[in-house]
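Asks: give me coordinates for this.
(2 chains)
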Amino acid sequence: MSDKGWFSFLFRGLLDVPEEGKSHIRYRILRRNMFILMGLVTFVPLLAMAVINFVQYQSALEKEILNPMRTIVSKTKHSFELFLAERLSAVSFITFAYSYEELADEKKLNQIFSVMKREFEGFIDLGLIDSNGIQVSYVGPYDLKNKNYDKQIWFHEVQIRSSYVSDVFMGYRDFPHIVMAVQRVSETGRTWIIRATVDTKKFESLISSMGLDSVTDAFLINGSGVFQTPSRFYGKVMQKFPFPVPPVSYEANVIELLDPQGREINLAYSHFIHSPYILILVKPRAEVMRSWYTLKGEMLFVFVGGVSIIFLVVFHLTKILVQRVQEAEEKREMAFREIEHTQKLSSIGRLAAGVAHEINNPLAIINEKAGLMKDIIELMPDFPNKERFLPQVDAIKKSVDRCRGITHRLLGFARRMDVHIELLDINEVLQEVLGFLEKEAMHRNVNLNLQLADDLPRIESDRGQLQQVFLNILNNAFAAVQNGGVVAVTTWDKDADSVAASFQDNGCGMSQITLKHIFEPFFTTKKGYGTGLGLSITYGVVKKLGGDIDVESREGEGTKFIVYLPKKSEYGEG
Amino acid sequence: MAGKKILLVDDEAEFVSTLAERLELRGIEVMTAHNGEGALQMIDQDPPQLVVMDMMMPGMSGLETLKRIKARYPKMRVILLTGHGCTKEGTDGLRLGAEECLMKPLEIDVLIKKLRETKDHPSQ
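Replies: Numbering: from 1, shown residues only, chains lettered A, B, ... in the order given. The predicted model follows:
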């Protein structure tokens, strides 16, 4: 699979929301996709930033922490070199300032040595050695006069290099010291060597001047890895250094190692330029990197905390969002069903109107024919079987009346769909509507209490729409009352411009909260079977007709709807 | 009821003839027409006191006929009949000057009562 293929494999599924299928699965997929997408777009940048920060901090901090080690090693090495160079140049000065004879004279040599000791601390002895390796004169605490150095390595080294600084070694009195030797070749070709011994106590004081903490160690080793100064953790003078000798570097350098105790350590070192020594500084890594580990821990904590909060928020957010979407879609579906239902009613209504009209014409003929028959029977005094025919004719007329009632109701039903303003009597409309509910009232023993004003003026309004409004309110009232309850309908002439009709029940009533919402579309208390459209449509119709609705309700006591209708319609007649 | 003259206009011939016979039995002079044009001719020849006309007729509709009658005889009383109930067309008819819109089937007594309200002579 190509890169692009992988990409679409991973993300196409996330961006598609299935339109079909079982709804709860669909919402689950929607929610999963939202969760993954939101999680990814927040988590990935955070992760990238954390990684970049981590790497950056690591390199910066490492430099920050390791640089002081390099600095102190460089500085201390410099002090060592200065110390050694001073002493070597002192020895060199003596070699070249005095003649062989002067130096061979022990009295003179003693004089020189005492000045030297005063000026440069650390010198222990001083001697002259001739070209055969014999100690000609000597000043110092040991009896080394006439000792032959011919076989010793340093004697040959100094003859090659003309000056020499030895490794540290334990002398006869068992304290560490070094040897410095300088050779002079006179104009006459005679050669001799001045040899001085220097105490290395000064080395230790130089190391202690580095101001090390208790876990840090610093010492000198020579080129073959032998301790030149004692180490705090790794051995005494002349013992073998437990690490491999680090590669040559005259700059301070830091390497990472495991020490014999298995600790991770940072080892800073630098080779001396003119002497065979290496200065080494050892610090446990845990100590060195402590601040880095702390920072790392804090970063990890922030990262993990942030990610958990993100996922928690995303989880709940998608849950709420998808729930809202689901609710909205369910309500929309309900509304569609309601509209479908209304449309069905509307087409049934149109059909009913057509049928009613077609039936009314032949019905009119039947009516006239029966009327004529009755006229003839009544006008002819000697009509045979008069008393048998008249009831038949009356029965026909009664049947015609019944049919007329049916077709009128059908037409009324059909007319509910559009606004047709006409002059009408509210009481009459109410009576018609109550006709639909009489059966239910009888069955449930609901007491219908009518107080209709006799002198109510006719108003300009739409019969069908008013029927719908009254029917809906009365249906609600009937739904609210118990069997045997009371529904009171009252009409009155409110003022010069409007009439009013009130519908009072003694049913279950509504809470103040419910009352606030009853005219909102999709608000329903009939969980499961209500669409929440009934009262909102009712409200819309009354507003359309230029009227208004008031509701008063107390929980447990009942509800009162008052419908106000204008006497003059805005639709007008002209 | 003598001297009262009524014009019945409807495309349903049976309805017109039966109603006419019943009205004549009650001593009312009846003219009949089965379409708008016929009705207009009748009115021109012999103006009645009352015109009773169906709204739905082939050819010229009741409303159209009403318009023409009112154009020529503004005071002519016209009652409209409909199988539909007094819906939009009915309201339009009332606006055009029809006195009332009655629904079929109608009671003959209502018609007679209306006729009684007219003067003996046709209003011009």
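
Asks: chain A contacts on chain B?
Replies: When proximity is defined as Cβ under 8 Å from any Cβ of the partner chain, chain B approaches chain A at B:12, B:14-15, B:18-19, B:21-22, B:25, B:56, B:81, B:83-88, B:90-91, B:94-95, B:103-106, B:108. The way it works is simple: take the backbone N, C-alpha and C, and place the C-beta from them, glycine included.

Asks: next step: these restricted to helices.
Replies: B:14-15, B:18-19, B:21-22, B:25, B:88, B:90-91, B:94-95, B:108 (DSSP state H).

Asks: most neighbours among those, which one?
Replies: residue B:19 (27 neighbours; other Cβ atoms under 10 Å in any protein chain shown).

Asks: quick one, what contacts it?
Replies: The contact partners of residue B:19, taken as Cβ atoms under 8 Å, 6 or more residues apart in numbering or on different chains, are A:368, B:8, B:108.

Asks: what is the neighbour count of residue A:105?
Replies: Here the number of neighbours of residue A:105 (other Cβ under 10 Å) works out to 17.

Asks: wait, isn't it in contact with residue A:137?
Replies: Yes: with contact defined as Cβ atoms under 8 Å, residue A:105 and residue A:137 form a contacting pair (6.9 Å).

Asks: so how far is stretch A:210-220 off the chain centroid?
Replies: Here stretch A:210-220 is found 47 Å from its chain centre; the criterion is Cα atoms, centre = their mean, to the nearest Å.

Asks: just the CA coordinates for it, please, in CSV.
Replies: C-alpha atoms of stretch A:210-220 as CSV (Å, rounded to 0.1, in the frame of the first residue of the first chain):
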residue,chain,number,x,y,z
MET,A,210,39.3,23.0,43.4
GLY,A,211,36.6,23.1,46.2
LEU,A,212,35.0,19.7,45.5
ASP,A,213,31.9,18.4,47.1
SER,A,214,31.8,15.1,48.9
VAL,A,215,30.8,12.9,45.9
THR,A,216,33.4,14.4,43.5
ASP,A,217,36.9,13.1,43.1
ALA,A,218,39.9,14.7,41.5
PHE,A,219,43.5,13.4,41.0
LEU,A,220,46.5,13.2,38.7
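
Asks: quote the end-to-end distance of stretch A:136-150.
Replies: Start-to-end span of stretch A:136-150 (Cα to Cα, to the nearest Å) is 13 Å.

Asks: can you list the buried residues in it?
Replies: Neighbour counts over stretch A:136-150 (16 or more other Cβ atoms under 10 Å in any protein chain shown) mark A:136-140, A:144, A:149 as buried.

Asks: hmm, back to that, just the ones in helices among the residues of chain B next to chain A now: which is nearest chain A?
Replies: Nearest to chain A, judged by Cβ to the nearest Cβ, of these is residue B:18 at 3.9 Å.

Asks: need the contact list for that closest one.
Replies: Shown in contact with residue B:18 (Cβ under 8 Å, 6+ apart): A:365, A:368-369, A:371-372.

Asks: so what's the nearest residue to it once chain neighbours are set aside up against?
Replies: Of all residues not flanking residue B:18 in the chain, residue A:368 sits nearest, at 3.9 Å (Cβ to Cβ, 6 or more residues apart in numbering or on different chains). Residue A:368 makes contact with B:14-15, B:18-19, B:22, B:105, B:108 under the criterion Cβ under 8 Å, 6+ apart.
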